[in-house]
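>>> coords please:
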Amino acid sequence: VRTECAELQETCTWIYEDFKRRRKYTSREIARKKEALMNVLIPFTEEEIRNNLHSAGFSSVEIVAKWNNFTTFIARKKPPVNGQIVNMSSKQKKKLKHPKMKASTPHLDALLDTSPEYLSKIITDPKELLSVCLQRIEVFHEKGGLSNQNLQVYDSIANMINSLPAMTSKMIVNEAVLTIGESDSLTEEESDILLKCLDSLKPWKKGPLCIFGHNIDCEWRSDWKWERIQTNLPDLKDKVICDLGCGNGYFMYRMLEYEPKLVVGIDPNLHAFLEFKLFQRLSGADRLQFEYLRGDVMSSFTGSFDVVFCLGVLYHTPDPIGMLKDIYKSMKGGATLIVDCQGIDGDDHICLFPKKRYTNMKGVFFLPTLATLQHWLQRAHFLDFEMIYSEQLSTEEQRTTEWAPVRSLKESLDPNDENKTVEGYPRAHRFYVRVRK
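Numbering: from 1, shown residues only. Here you go, the predicted structure:
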């Protein structure tokens, strides 16, 4: 651990180094070890460790041993239902084993392709293919642990999607606004269903979009991101591509301009899944596939992808290096990875680790400096690090709109200092980089 007092911390460091010298370590060995750990092993204070353990769900935390700057903690997991299972009645145990049944979602379930043929063409290992197929069923059955009320809302949206005609429509994929269909291509009844469906799918995150004449101004100006990336794209023609954290598929559709063989989007967000399924039903874009799966499934796609896009994902995972290693495994030799990651400004080899939220968002773990992002990629064995873009995230790129009535970036910054978040953290930078396997 580290202390809050810099002078006391310096004394602790001297005591520890003296301890090593008295055990016959040379000054060179001590210095090399110190250099190897500098800016890599960043210790927390005792209070920070306690807070992290409590945030992870532990009910009590005690220090049982301490020497100099080394501390041993014991943390106790919260007992279930206000007591140990052994003290429960048989009725209580049965209730714990058999929780409340989920709402029936037949229309939502109908949107899942239970045996997509394309998977067997890109996953050659039978065990990995079986693993992916089982994960598809398991994760979809969980449906993100959503409440029955939310599931019923999503099932009604799925019913609207299923009631629209499956069609192949005119698309414009090489302009800022992703356009699918023309306003006079649907009947009046179909147009009413579509508009109700679009309205029900608010907030819209990635765009801009024009769906059968309905202009949707989304929270994110995703076209700005694509414009920055576009000049650094590898050859996508006839390639098998993965868009990890694909959202509604905006970038997948933009890739169609380059005639890829297949684009697989992976995202565990049911809202995004429904938006993509709406696009797919109306566009007939059969080279695009959405997998409602978590990012760790990448380890079961050994050597499958020529190009991987990982846009806006790494800071949402508690193990960014582990995710990068899974991505590395999923790529063919010589394949390209393009990463977009929120981070913090500075040259130090550090990360920001928010206590609970960051810009009002849950599920934000590590926000690296650019140097740290480079080290993550190197530790995952990637080569030829190339920075594409590095700028502070702007309120023009991420903002509240009619189609995204949410607290966006502007509402999440300190009103008295726009370089800080409402939680008091540094405002985010956006890093785009390109590497290869």
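>>> now the helices for the stretch 101-250 of the chain?
Taking DSSP state H, counting those that start in this stretch as the test, the helices found in the stretch 101-250 of the chain are 106-109, 118-122, 126-142, 148-163, 188-200, 222-230, 250-255.
>>> okay, the ones you listed in JSON lines with mean neighbour count and distance to V339 next?
Using the backbone N, CA and C atoms, a C-beta is placed for each residue, glycine as well. As requested, the helices of the stretch 101-250 of the chain are arranged in JSON lines below (neighbours: other C-beta atoms under 10 Å; distance: least, C-beta to C-beta, whole Å):
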{"stretch": "helix 106-109", "mean neighbour count": "16", "distance to V339": "32"}
{"stretch": "helix 118-122", "mean neighbour count": "15", "distance to V339": "22"}
{"stretch": "helix 126-142", "mean neighbour count": "14", "distance to V339": "23"}
{"stretch": "helix 148-163", "mean neighbour count": "17", "distance to V339": "30"}
{"stretch": "helix 188-200", "mean neighbour count": "15", "distance to V339": "31"}
{"stretch": "helix 222-230", "mean neighbour count": "17", "distance to V339": "10"}
{"stretch": "helix 250-255", "mean neighbour count": "24", "distance to V339": "13"}
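>>> show me where pLDDT drops low in the stretch 151-300 of the chain?
The model of the stretch 151-300 of the chain has no residue with pLDDT under 70.
>>> possible to save the helices of the stretch 101-250 of the chain as TSV with distance to K356?
Formatted as TSV, the helices of the stretch 101-250 of the chain follow (distance: least, C-beta to C-beta, whole Å):
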stretch	distance to K356
helix 106-109	31
helix 118-122	38
helix 126-142	24
helix 148-163	23
helix 188-200	30
helix 222-230	27
helix 250-255	29
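>>> show me what contacts the closest residue in space to L233 that isn't next to it in sequence?
Distances taken as C-beta to C-beta, 6 or more residues apart in numbering place Y258 nearest to L233, at 7.2 Å, with adjacent residues excluded. Contact partners of Y258, counting by C-beta atoms under 8 Å, 6 or more residues apart in numbering, are 233, 235-237.
>>> of the residues you listed, closest to L393?
L233 (22.0 Å; C-beta to C-beta).
>>> F290 and R136, how far apart?
Distance of F290 to R136, given as C-beta to C-beta, to the nearest Å: 11 Å.
>>> how about F273?
12 Å.
>>> common neighbours of these two, please.
Y292.
>>> what is the burial count for I123?
By other C-beta atoms under 10 Å, 21 other residues sit near I123.
>>> which ones are touching it?
With contacts defined as C-beta under 8 Å, 6+ apart, the neighbours of I123 are 129, 132, 300-302, 304.
>>> do L367 as well
315, 342-344, 351-354, 358, 428.
>>> phi and psi next, for the residue nearest to it when sequence neighbours are not counted.
The shortest distance from L367 to any non-neighbouring residue, by C-beta to C-beta, 6+ apart, is to L352 (4.2 Å). The phi/psi pair for L352 (degrees, to the nearest 10) reads phi -90, psi 130.
>>> distance of L352 from N215?
Distance, L352 to N215, by C-beta to C-beta: 37 Å.
>>> and for G363?
Distance from G363 to N215, counting by C-beta to C-beta: 30 Å.
>>> equivalent analysis for G322, please.
40 Å.
>>> try A380
Distance of A380 to N215, given as C-beta to C-beta: 40 Å.
>>> pull out the buried residues from stretch 178-190.
The neighbour-count check on stretch 178-190 (16 or more other C-beta atoms under 10 Å) flags 178-181, 186, 190 as buried.
>>> mind listing what D243 touches?
D243 makes contacts with 249, 251-252, 255, 263-266, 309, 311, as judged by C-beta under 8 Å, 6+ apart.
>>> ok, so of those residues, who is nearest D223?
F251 (9.9 Å).
>>> enumerate every residue touching that closest one.
Here F251 is in contact with 206, 222, 225-226, 243, 309, 311 (criterion: C-beta under 8 Å, 6+ apart).
>>> could you rerun that using 7 Å?
Applying C-beta atoms under 7 Å, 6 or more residues apart in numbering, we find F251 in contact with 222, 226, 243, 309, 311.
>>> repeat for P354
364, 423, 425.
>>> surely the first one is in a strand?
No: assessed with DSSP: H, G, I helix; E, B strand; the rest coil, V364 is coil; it does not lie in a strand.
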